[in-house]
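Student: Provided below are the primary sequence and the corresponding predicted coordinates.
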Amino acid sequence: MKEKTIDYVLRATWIAVSKMYNEEASRKGSTMATGFALLNIDPDEGTPSTSLGPKMGMEATSLSRTLRTMEDKGLIVRKRNPEDGRSVIIQLTEFGNEMRAFSKEVVFKFDEAVNEAIPKEDLATFNRVAHTIMELINNKKIYKSKTPVK
């Protein structure tokens with residue numbers, strides 16, 4: 001295969017970004033997954049645990065493991081949801097807010113570097129292409145759902 005496939009370019013790029021974020025996070029004893037979770041938790045109101053998984057695109061088991069680690073490190077606390085006693089609100093601790101600020105700084109620095117290195121028109125094209133790929137996938141226009149063969 002002489003030319004790289006689109007999925008190869010996407011995967012290789014994301015792996016490089018992920019590795020970069022994990023290296024930065026490790027300087028503070030954290031991980032990219034933790035930083036991503038911190039950025040998706042409302043710093044003022046907290047976030048219901050049930051809405052965190054879909055926001056992050058994480059499976060429940062991975063999210064539970066991440067939240068448990070975050071709780072053990074003192075980044076979050078779980079509080080009963082006053083509006084729905086069956087669910088839990090994830091709230092940031094003071095340390096969690098500090099680490100959220102660090103995560104935000106890391107993301108903004110990456111964004112700034114990319115924006116400085118790539119012309120606005122190219123970034124606009126990149127965003128349109130990524131949006132179209134997401135629409136194709138979400139609308140099942142690439143692979144139609146079929147009953148599995150038994």
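Tutor: Structure received. Residues are numbered from 1 along each chain as shown.

Student: let me see the ranges of the strands in this structure.
Tutor: Taking DSSP state E as the criterion, the chain carries its strands at 47-48, 76-81, 84-92.

Student: indicate which one of these is closest to Ala124.
Tutor: Ranking the strands of the chain by proximity to Ala124 (CB to CB) places strand 47-48 first, at 30.8 Å. Quick note: C-beta positions are derived from backbone N, CA and C, even for glycine.

Student: now for the closest one, which elements pack on it?
Tutor: When contacts are defined as 3 or more CB pairs under 8 Å, 6 or more residues apart in numbering; DSSP states H and E, strand 47-48 sits against strand 84-92.

Student: show me which positions of the strand it packs on end up buried.
Tutor: If you call a residue buried by 16 or more other CB atoms under 10 Å, then strand 84-92 has these buried ones: Val88, Ile89, Ile90, Gln91, Leu92.

Student: cool, and stretch 32-51?
Tutor: Of the residues in stretch 32-51, those buried by neighbour count under the rule 16+ other CB under 10 Å are 32-41, 46-47, 49.

Student: then stretch 10-26?
Tutor: Neighbour counts using 16+ other CB under 10 Å place Tyr21, Glu24, Ala25 of stretch 10-26 among the buried residues.

Student: looking at those, which is nearest Leu123?
Tutor: Tyr21 (19.3 Å).

Student: just the pLDDT at the closest one, thanks.
Tutor: We have a pLDDT of 97 for Tyr21.

Student: what distance do you get for it to Tyr8?
Tutor: As judged by CB to CB, to the nearest Å, Tyr21 and Tyr8 stand 20 Å apart.

Student: what of Glu112?
Tutor: Counting by CB to CB, the separation of Glu112 from Tyr8 is 27 Å.

Student: hmm, back to that, quick check, nearest of the buried residues of strand 84-92 to Met56?
Tutor: Set against Met56, the nearest of those by CB to CB is Ile90 (11.5 Å).
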